[in-house]
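*Asks:* Okay, here's the prediction I keep looking at, along with the sequence it came from:
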Amino acid sequence: MRVEQLVLGLVAFARSAIAAPAPLDLVVRDGVSADDCPGYEASNVKKTDSSITADLTLAGDACNVYSDDLKDLKLLVEYQSKDRLHVKIFDKDEQVYQVQEELVPRPKHGETPSADAALEFELVEKPFSFKITRKENDEVLFDTSGRQLIFESQYVGLRTSLPDNPNIYGLGEHSDPFRLPNVNYHRTMWNSESPFIPTNANLYGSHPVYFDHRGDKGTHGVFLLNANGMKIDLDVTESGDQYLQYNTIGGIIDLYFLAGKQPAEVSKQYADTVGYSAMYPYWAFGFHQCKYGYWDVNMVAEVVGNYSTAGIPLEVMWTDIDYMDGRQDFTTDPERFPIGKMRELVSTLHSRGQRYVLILDPGVHFKEGYAPYERGHEMGVFYKNADGSDHLGVQWAGTVAWPDWLAPNTSKWWADEIATTFSADNGIDLDGIWVDMNEASNFCGDIDCNPLDNQGNPPKVGHDPRPNTGRPIPGFPDDFQPNRRSVTRQDNGKYKGLPGRDLFVAKYDPVNHRGNLSGFTIWTNNTNADGTKAYDTHNLHGHAMSHVTYDAMLARRPGLRPLVLTRSTFAGNGRKATHWFGDNESSWEHYRVSIRQMLAWVSMHQMPMVGSDVCGFNGNANEQMCARWALLGAFQPFYRNHAEISSVQQEFYQWPLTITAAKKAIDTRYKLIDYAYTALHYQTTQGTPMINPLFFLYPEDSNTFGIQHQWFYGDALLISPVTTDWSESVTLYLPKDTFYDYWTGRRIEGLGANVTLNHVSWTDIPVHIRAGTIIPQRANSANTTAELRKENFVFVVAPDVDGKAKGRLYIDEGEKIVQEQTTLLDITWDNGHITVGGRWGYPGLKGESITIERFKVLGQEEIQMGSLGEASTFDPATGAVTVEGSWNLDADFEVHM
């Protein structure tokens, strides 16, 4: 379709457009506030062995504080499993938007008899309220009686009481403390591009699930399946009563209560609810490098070469939008990133056992002759204005159209473009895809912006001394100023959203830090192909894009695990995507923030393969902080150095300290990849977190409840980085337990108290092994994970006070979705006796090792030398006994020290 035709269509639309209705007053009737609303009363209550239903009717005159009160509601309660209780409150006519099943599949109702359930639902009919109680100890977990339910067309309010000074976690995405503040604290959920990841603000993702930890009384979780914009308040009343309050601008109340009662059990139950994480390739645990501003393919190759010269392993090279022709998806710049050179780069990386990942953005350039746009337009994949023209915005390429990920042809169009551009035969044979800007970020700040004024011109990149080779993009007449406030298409129907709402303005303000709802994003009055509105589905845009991209990568490489990294997320996104924490800053505070973000995402949001831009994205890194960050990042699941175009080069080879720190960090990380890979396997199959906050393993130790700068990597390794600015000291907490120093092997008795370590060099990080665990690792590191798999195994045994320990090891081929041959081992140590057994099957590919060459048993200072076998040696400096040998991992065996 020619651009001139599109312009004519836009002009015709502009002439017929009508202005959006003016906002109503926040308080419709003088003197009426939310506290005056009548609430509801229940009737027609029906109970079965595993469910409760009731009608809810407005109990008085409508207050209409923020919009119109709904008179008639329905209540549904399901005892779905022993540990999961579902409570749903929705409109009688079922018009109010509910999250699409295909985006977030619902867990099955197992019809558990209420008598067998861990939780109990109690209903008060008039005024309507409900309470959730843990039967085991009569602990009240959720109680709505403190404030009346409000259910309006553009506002839903529900409050629950909490214990004094509660331990509340989750409610991502945010950069706030791990243990959330509980006085005057507000969590906005409205996905937004968020440079410098500000505190007390909405960021890139929405995960309305919280964990409530009550020490010896247990931990439980509460998940609100609602994708609408919302603000969740943690505060106290004037009388001092603690509460949590949901305030959403639409949708329904769709609550899942997860009984726990151990913290890790809540994690599993949340995975049962929203879906288990995908299993990712073995190579994804390698070290990754990227920078916005690598100006041509030669510079990308130079970075790879510089890592090799410095002796720092590099697994995956990434390229940001620099590679595109005019910042257009599915193109390469013919001068700076010619396809022939790109293919040569990728083939060289692959020959060295390395990988390559490229970025894609959702904004598709609105330009005559740009084939991906023209094909997408013909297939009807873009958001539409009321007159049928494509809805436009502004992103890197200039004026762009936005894919509607719910349109019937979008998945095929996207998959076809990916298959063509990234063809192994004649395109760029990449190994993963990074989807960015998918909140979606729009350079138009508000609905008065004219996207046709922003045709775009690629900026100069990096520090290239050559003139910019980007070409101007043809524009439209400067005086063309159409009215872009599009007329909302009303598509009423089941779960599509109530008619008559103001889809630009919510009278209740959820406090979006980027301004109004449509600020810097796709305008919220757009209608999706299925009839739902962007007002309701905004927070699902990136979630849907990443899932469509996962499916496209799977179609491109059938049978292989896709690696899709996404910036914008929603609950359940881990089923098909990984996440990094966005555009952070090269600062000590964001170094610390990366820890507390990781803790919540892995252990509570069921997205295990996450991490921050190591050394920071915005601003300039310095040598000391980057050295510390190189070490910290090595013990996080996703490990990538990435920086912004105007930032100084911060690759690990840039400074002497970072070279030393990175070599130590990556050497250790690679030796431990099988340990981490095993932990990921258990998270993807059993929901067991591969990163553990300290209170997950010591749930009754109140000293652990607020710890946010230490963590367990797996269940054995306690990581305690230096987190004070410019410091060489760290004060860490050691629970009352036995530990071993990972670096020296020496035993340390934790006293449930803080310990200060001084003189921690810039290239060191404290790591301790928890007693009672066994750690499988490789005998030596390697430059790539392919080479690493040729190294033999070493099992490090850390006995507890009873002389016992246990561990596990999972081995498979590393990249296929369906693994026909796998090995899953249980390893135990019992006072000098090692037993290795389990499920055998993985034979090892050509050149790989599935051989143990030694066991190293720590804490054996009191060993009698005469009791050791010929193959055993004792090191008095560390107190460790080493048992040498050669044991193939293909059958059960035992070893006596």
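*Replies:* The structure has been received and is ready for your questions.

*Asks:* ok, which stretches of the stretch 51-200 of the chain are strands?
*Replies:* Shown for the stretch 51-200 of the chain, the strands assigned by DSSP state E, counting those that start in this stretch span residues 51-58, 72-79, 84-91, 119-124, 129-134, 139-143, 150-151, 156-161, 167-172, 185-189.

*Asks:* so what are the domain limits for the chain?
*Replies:* 34-274, 689-896 (automatic domain parsing).

*Asks:* for the last one, what is the average pLDDT?
*Replies:* What it means is domain 689-896. Mean pLDDT, domain 689-896: 96.

*Asks:* same thing with the longest one?
*Replies:* Averaged across domain 34-274, pLDDT comes to 98.

*Asks:* can you put the strands of the stretch 51-200 of the chain in CSV and add mean neighbour count and distance to F695?
*Replies:* In this view, the C-beta of every residue, glycine as well, is placed from N, C-alpha and C. Formatted as CSV, the strands of the stretch 51-200 of the chain follow (neighbours: other CB atoms under 10 Å; distance: least, CB to CB, whole Å):
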stretch, mean neighbour count, distance to F695
strand 51-58, 19, 34
strand 72-79, 20, 28
strand 84-91, 22, 22
strand 119-124, 16, 22
strand 129-134, 20, 18
strand 139-143, 19, 17
strand 150-151, 24, 34
strand 156-161, 22, 22
strand 167-172, 24, 8
strand 185-189, 22, 20
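
*Asks:* nearest to R343, of the ones you listed?
*Replies:* Proximity to R343, assessed across these by CB to CB, is greatest for strand 167-172 (39.2 Å).

*Asks:* my guess is W743 contacts I765, does it?
*Replies:* No. Applying CB atoms under 8 Å as the test, W743 and I765 come out as separate, 9.1 Å apart.

*Asks:* Compare those two and say which is more crowded by neighbours.
*Replies:* I765 (24 against 14; other CB atoms under 10 Å).

*Asks:* What strand or helix carries the more buried one?
*Replies:* Using DSSP states H and E, I765 is not contained in any helix or strand.

*Asks:* ok, it - contacts?
*Replies:* Residues counted as contacts of I765 (CB atoms under 8 Å, 6 or more residues apart in numbering) are 628, 631-632, 635, 665, 719-722.

*Asks:* From those residues, which land in strands?
*Replies:* Among the contacts of I765, the members found in strands (DSSP state E) are I719.

*Asks:* For the contacts of I765, which PyMOL command selects only the ones that are buried?
*Replies:* Buried subset of these, written as a PyMOL selection, criterion 16 or more other CB atoms under 10 Å:
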select buried, resi 628+631+632+635+665+719+720+721+722
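
*Asks:* Tell me which two in the contacts of I765 are the farthest apart.
*Replies:* A665 and S720 (14.9 Å).

*Asks:* For the contacts of I765, give me a markdown table that also has distance to D333.
*Replies:* A markdown table is the format used below for the contacts of I765 (distance: CB to CB, whole Å):
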| residue | distance to D333 |
| --- | --- |
| R628 | 36 |
| L631 | 36 |
| L632 | 35 |
| F635 | 37 |
| A665 | 34 |
| I719 | 41 |
| S720 | 45 |
| P721 | 40 |
| V722 | 42 |
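
*Asks:* where does the stretch 301-450 of the chain have low pLDDT?
*Replies:* Applying pLDDT under 70 to the stretch 301-450 of the chain picks out no residues at all.

*Asks:* so where do the helices sit in it?
*Replies:* When secondary structure is read from DSSP state H, counting those that start in this stretch, the stretch 301-450 of the chain shows helices at 339-351, 371-379, 410-421.

*Asks:* which stretches of the stretch 501-650 of the chain form strands?
*Replies:* In the stretch 501-650 of the chain, the strands defined using DSSP E, counting those that start in this stretch lie at 564-566, 569-570, 578-580, 610-611, 613-614, 640-641.

*Asks:* Partner strands of the fourth one and their direction?
*Replies:* Read it as strand 610-611. strand 578-580 (parallel) (DSSP bridges).

*Asks:* Residues touching the strand it pairs with, excluding its own?
*Replies:* Looking at what lies outside strand 578-580 - CB under 8 Å, 6+ apart - the contacts are 205, 280, 284, 563-567, 569, 573, 601, 607, 609-613, 638, 640, 642.

*Asks:* can we see that at 6 Å?
*Replies:* 565-566, 569, 607, 609-611 (CB atoms under 6 Å, 6 or more residues apart in numbering).

*Asks:* Mean confidence (pLDDT) on that strand, please.
*Replies:* Here the average pLDDT along strand 578-580 is 98.

*Asks:* And the helices in the protein, which stretches?
*Replies:* Using DSSP state H, the helices of the chain run over residues 3-16, 263-274, 297-310, 339-351, 371-379, 410-421, 534-537, 541-556, 588-603, 623-633, 656-671, 673-686, 694-697, 785-788.

*Asks:* how many neighbours does S702 have?
*Replies:* 14.

*Asks:* now the spatially closest residue to it that is not a sequence neighbour: how far from Q262?
*Replies:* Of all residues not flanking S702 in the chain, G215 sits nearest, at 6.2 Å (CB to CB, 6 or more residues apart in numbering). Distance, G215 to Q262, using CB to CB, to the nearest Å: 12 Å.

*Asks:* Run a quick neighbour tally on T48.
*Replies:* 12.

*Asks:* actually Y550, sorry about that
*Replies:* Y550: 21 neighbours (other CB under 10 Å).

*Asks:* again, but for the one 10 residues further on
*Replies:* For L560, the number of neighbouring residues by other CB under 10 Å comes to 14.

*Asks:* now N783
*Replies:* 20.

*Asks:* ok, it - contacts?
*Replies:* N783 makes contact with P313, according to CB under 6 Å, 6+ apart.

*Asks:* Please produce CSV containing the domains of the chain, extended by distance to H391.
*Replies:* Shown next, in CSV, are the domains of the chain (distance: least, CB to CB, whole Å):
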stretch, distance to H391
domain 34-274, 18
domain 689-896, 36
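
*Asks:* pretty sure A407 is in contact with A529, am I right?
*Replies:* Yes. Counting by CB atoms under 6 Å, A529 is a contact partner of A407 at 3.8 Å.

*Asks:* separation between the nearest residue to S612 once chain neighbours are set aside and N573?
*Replies:* Nearest residue to S612, sequence neighbours excluded (CB to CB, 6+ apart): S594, at 3.6 Å. Here S594 is placed at a distance of 19 Å from N573 (CB to CB).

*Asks:* Kindly report the same for F874.
*Replies:* 50 Å.

*Asks:* Over to F285?
*Replies:* For F285 relative to N573 (CB to CB), the value is 20 Å.

*Asks:* more neighbours, those two?
*Replies:* The neighbour comparison of F285 against N573 (other CB under 10 Å) goes to N573, with 30 against 24.

*Asks:* could you list every residue that touches the more buried one?
*Replies:* Applying CB under 6 Å, 6+ apart, the residues near N573 are H543.

*Asks:* what does V883 give?
*Replies:* 855, 871-872, 897.

*Asks:* again, only this time at 7 Å
*Replies:* When the contact criterion is CB atoms under 7 Å, 6 or more residues apart in numbering, the partners of V883 are 854-855, 871-872, 895, 897.

*Asks:* Next, find the distance separating the closest residue to E78 other than its chain neighbours from F366.
*Replies:* Of all residues not flanking E78 in the chain, H86 sits nearest, at 4.2 Å (CB to CB, 6+ apart). H86 sits 44 Å away from F366, going by CB to CB.

*Asks:* Take the helices of the chain and lay them out in CSV including distance to H109.
*Replies:* What follows is the helices of the chain, written out as CSV (distance: least, CB to CB, whole Å):
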stretch, distance to H109
helix 3-16, 46
helix 263-274, 12
helix 297-310, 51
helix 339-351, 47
helix 371-379, 38
helix 410-421, 29
helix 534-537, 24
helix 541-556, 24
helix 588-603, 27
helix 623-633, 42
helix 656-671, 43
helix 673-686, 22
helix 694-697, 29
helix 785-788, 42
